[in-house]
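Participant: Build the 3D model from these lines:
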Amino acid sequence: MHSQKLLKISRVLALALVASMPLAMQAQVPVSQVKGNPNAPASKWDVFAGYSILDPRGTFYPIQPDGSVLPVSFKLEKTGLLESAAYFFNRHVGLQVESGQHDLFTNTGFAMTGSSNSGIFTAETGLIYRWPGVHLTPFVHALGGAADIDGPDHEPYTWGPVIVAGGGLDWYFSCHNFGIRLFEADYEYLHADSGASHGTLAGNDFVWGDDESINAFRLAAGIVFRGASYYGPVIGCGALPPPLLACVATPNIVFPGEPVTVTATATGLNPKQTATYSWVGSGAAGNGEVATVQTAGLAAGTYTVRATVTEGTKNPQIANCDASFVVKPWEPPTLSCEAGPMTIHSDQTSTVTLTGRSPQNRPLTYTCTSSAGSMAVNGTTATFSPNGAPEGPVTINCSVADDKGQTANCNTSVTIQAPPPLPNLHVLPLCSIEFSKDKERPTRVDNEAKACLDEVALALQQHPDNNLVVVGEAQSTEGADVVGAQRAVNTKNYLTTEKGIDPSRITVVTGNEGTQGVEEYLVPSGAVFTSDVQGTHPVDETVVKPQERKPLAVRSHPAHKHADAKTPADSKKKKAAGTAPPAKGTDGP
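Facilitator: Reported below is the predicted structural model:
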């Protein structure tokens, strides 16, 4: 009777302790420590050993030797040990192994005899998560493994699975690595199948058997030891270590006018205190953890900016850091120049190509001068013109300047040569045309002349820089100057009106050959016609005008007058018909 009351009281106390865990954590652990204090020490491993009680729950019905079924329940296992070791990968997460022994060394007699009716051994492993504090460290874990279970009615020790979930609270006192696990409360699920009861008492081979699924509650407390290697500050008690401050300047090398950003990063700050930052340095203006440096007014050199962080007012903690940066002077531009062509005649020009570069891509301006002649600069090219400069080399000097007033120079040269001598050019005789066949129209350009004049027009078209001289000839009995001039003018008129030749390219003169024709001479640029063809005289085209090319009127042959008799009717027909067209084979217009 007394043992049953003790069992009920123990179960109620265990359940009450587990239910009070959240309240105990809130009451005993500051909010900053429940979430984890970054200034608290966090060991890489810890070891726990302590006393534990186990309350297995469940009623089972093993078959008895006489064939009956007897309901049996586990008793509270009050003689227990619990050991565990954990290795942490960081401040919070680790791997834990754990072992528990409950009533293994007690009298496990029949259900109604002995101090205990069961014994349970467990071994499991799993993950543990903690919130390290300066003094108090709560944790939770989830484990799985195997259990060796005996009872509750003489069932033999049988292995089965076990699952554990729970948590606890460790308290580290003073500045030592030893502490107390105030409690560890866990729920366990165990399973063991020892088979059906078999054998006989008479044969002394009866074995109790059963298939058991057990819900158990475990409560433990003891000593915990944390390892000497830590995540975070080693000092876990007393005053917190002073904060640390690191500064970085970005970029750390600039040209005047380019901004610099300095960032301060603090570690070890107390989250309960307010941190303030201040900045000192040429051109530095800070806003919290970041400062900007304006370098427009800074000369070339090395500069340092200092940041200071202060936390707390009663006993303020202060940390400083420095960041340096370099202001580089503007680099001058570079310039190269090349003239092409390098040798020219007095009537030619040369182009100078300017290749300038600014290391900082500053805007550039170019200028050029020459020892003779003149220079015209347009962007990155310059044009040299001799402009009457004497023969020989001419030096060209060019410079480039950026907007900071820094310059660079280059030079090249051009040689002026005498113009090449003109080639010994001569006029080129072309075809000639005859005017001797048409006695009645001795100055008319007939159809037979067209073939020659077509060749002349083609030659002028193929040589647009050449001119043409038309020489008109006549016999002395014809009136050489007048008839020859008319023949030349009529020939020119055909070329300009029929072939579209520019009249300014054709010159008409008379010759002294005494023939009845016209000669054409192609005159290249630079050739002198009067040197090659002498004895000609220019024709005044204001006096001698071109004549219209008209066909001859048809006239009757004298023999027809005697052969044909005239009648009044014939005369009327002839008058009505007018002038007949030329007969087949006669010259057209």
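Participant: nearest spatial neighbour of Thr265, skipping sequence neighbours?
Facilitator: Ala246 (5.0 Å; C-beta to C-beta, 6 or more residues apart in numbering). Glycine gets a C-beta too; all of them are placed from N, C-alpha and C.
Participant: shaky segments in this protein?
Facilitator: Applying pLDDT under 70 to the chain flags residues 1-40, 106-115, 174-176, 201-203, 205, 228-241, 422, 480, 552-589.
Participant: Quick one: the helices in it, in order.
Facilitator: 2-19, 21-28, 31-34, 450-462, 480-498, 529-532, 558-563, 568-577 (DSSP state H).
Participant: tell me how far the fifth one is from the chain's mean position?
Facilitator: Chain-centre distance of helix 480-498: 78 Å, with C-alpha atoms, centre = their mean, to the nearest Å.
Participant: Kindly report the same for the fourth one.
Facilitator: For helix 450-462, the gap between its own C-alpha mean and the chain's C-alpha mean amounts to 66 Å (C-alpha atoms, centre = their mean).
Participant: Tell me what angle that helix forms with helix 480-498.
Facilitator: Per axes from the mean of the first three to the mean of the last three C-alpha atoms, to 10 degrees, the angle that helix 450-462 makes with helix 480-498 is 70 degrees.
Participant: helices or strands up against helix 450-462?
Facilitator: Using 3 or more C-beta pairs under 8 Å, 6 or more residues apart in numbering; DSSP states H and E, the elements in contact with helix 450-462 are strand 428-434, helix 480-498, strand 517-523.
Participant: Tell me the strands beside the last one, with direction?
Facilitator: Just to be clear, that refers to strand 517-523. Paired neighbours of strand 517-523 in the sheet (DSSP bridges): strand 428-434 (antiparallel), strand 467-472 (antiparallel).
Participant: Out of the ones you listed, which one sits most buried?
Facilitator: Across these, the average number of neighbours (mean count of other C-beta atoms under 10 Å) peaks for strand 467-472, which reaches a mean of 24.
Participant: Next one: Pro256 from Tyr303, what distance?
Facilitator: 12 Å (C-beta to C-beta, to the nearest Å).
Participant: So for these two, which residue has more residues nearby?
Facilitator: Tyr303 (20 against 15; other C-beta atoms under 10 Å).
Participant: which residues touch the closest residue to that one other than its chain neighbours?
Facilitator: Spatial nearest neighbour of Tyr303, chain neighbours left out: Ser282 (5.4 Å); criterion: C-beta to C-beta, 6+ apart. Neighbouring residues of Ser282 by C-beta atoms under 8 Å, 6 or more residues apart in numbering: 293, 298, 303, 305.
Participant: So what's the residue count around Arg444?
Facilitator: 21.
Participant: Tell me which residues touch it, please.
Facilitator: Applying C-beta under 8 Å, 6+ apart, the residues near Arg444 are 435, 438, 490, 547, 549.
Participant: List buried members of those residues by neighbour count.
Facilitator: 435, 490, 549 (16 or more other C-beta atoms under 10 Å).
Participant: What distance do you get for the closest residue in space to the first one that isn't next to it in sequence to Ser476?
Facilitator: What sits nearest to Phe435 in space, not counting adjacent residues and going by C-beta to C-beta, 6+ apart, is Gln516, at 5.0 Å. Distance, Gln516 to Ser476, by C-beta to C-beta: 11 Å.
Participant: More neighbours: the two, which one.
Facilitator: Counting neighbours by other C-beta under 10 Å for Gln516 and for Ser476 shows that Gln516 has the greater number, 18 against 7.
Participant: I'd guessed the more buried one sits against Gly472; true?
Facilitator: No: counting by C-beta atoms under 8 Å, Gln516 sits too far from Gly472 to count as a contact (10.1 Å).
Participant: now for the strands paired with strand 517-523, which one comes closest to Tyr87?
Facilitator: Of all the strands paired with strand 517-523, strand 467-472 sits nearest to Tyr87, with 110.0 Å by C-beta to C-beta.
Participant: contacts for stretch 523-540?
Facilitator: By C-beta under 8 Å, 6+ apart, stretch 523-540 touches 422-423, 425-428, 463, 465-469, 471-472, 481, 485, 488-489, 507-512, 521.
Participant: Would you list the buried entries among these?
Facilitator: Buried among the contacts of stretch 523-540 (16+ other C-beta under 10 Å): 427, 466-469, 471-472, 485, 488-489, 507-511, 521.
Participant: one step back: present the strands paired with strand 517-523 as JSON lines; the columns should include distance to Glu98.
Facilitator: Output for those, formatted as JSON lines (distance: least, C-beta to C-beta, whole Å):
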{"stretch": "strand 428-434", "distance to Glu98": "121"}
{"stretch": "strand 467-472", "distance to Glu98": "120"}
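Participant: who's Val377 bridged to?
Facilitator: Ala382.
Participant: how many neighbours does the residue lying closest to Leu82 once chain neighbours are set aside have?
Facilitator: Nearest residue to Leu82, sequence neighbours excluded (C-beta to C-beta, 6+ apart): Ser52, at 3.8 Å. Neighbour count of Ser52, defined by other C-beta under 10 Å: 21.
Participant: ditto for Lys550
Facilitator: Neighbours of Lys550 (other C-beta under 10 Å): 9.
Participant: Can you give me the distance of it to Arg444?
Facilitator: Distance from Lys550 to Arg444, by C-beta to C-beta: 8 Å.
Participant: Leu70 too?
Facilitator: Distance from Leu70 to Arg444, by C-beta to C-beta: 158 Å.
Participant: try Tyr366
Facilitator: Taking C-beta to C-beta, one finds Tyr366 at 68 Å from Arg444.
Participant: Lys404 too?
Facilitator: With C-beta to C-beta as the criterion, Lys404 and Arg444 are 83 Å apart.
Participant: Check Arg91 too.
Facilitator: Arg91 is 123 Å from Arg444, by C-beta to C-beta.
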